[in-house]
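K.L.:
Here you go, sequence then predicted model.
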Amino acid sequence: MAAIENKANQLNVALEKLNKAEEKLNEAGEKLKRLDEVKALMRKLNSDDLKEEKPENRKLYKDS
């Protein structure tokens, strides 16, 4: 009987570790989604900046 309880305890510990790992993966997934959103916004901002002929853009291009 003690062997069964020992195995049950081991399985519970393993299940807790899996649950914690799942939480971390979910958090990482959320961070990746936010990062993708930020990257998309940056691409949009960069393309908008290049489309508009702003004096400061022209100055930057002339300096380089």
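P.N.:
Nice, thanks for sending it over. Residues are numbered from 1 along each chain as shown.

K.L.:
So the residue minimising distance to the centre of the chain versus A3, what's the distance?
P.N.:
With distances taken as C-alpha atoms, centre = their mean, the chain has L32 as the residue nearest its mean C-alpha position (1.9 Å). L32 is 43 Å from A3, where distance means C-beta to C-beta, to the nearest Å. For every residue, glycine as well, the C-beta is placed using N, CA and C.

K.L.:
distance from the centroid: which residue in the chain tops it?
P.N.:
M1 (46.0 Å).

K.L.:
And the pLDDT at it?
P.N.:
Confidence at M1, expressed as pLDDT, is 90.

K.L.:
Quick check: which ranges of this protein have low pLDDT?
P.N.:
Scanning the chain for pLDDT under 70 picks out 49-64.

K.L.:
Mind jotting down where the helices sit in it?
P.N.:
In the chain, helices defined by DSSP state H lie at 2-51, 55-63, listed in chain order.
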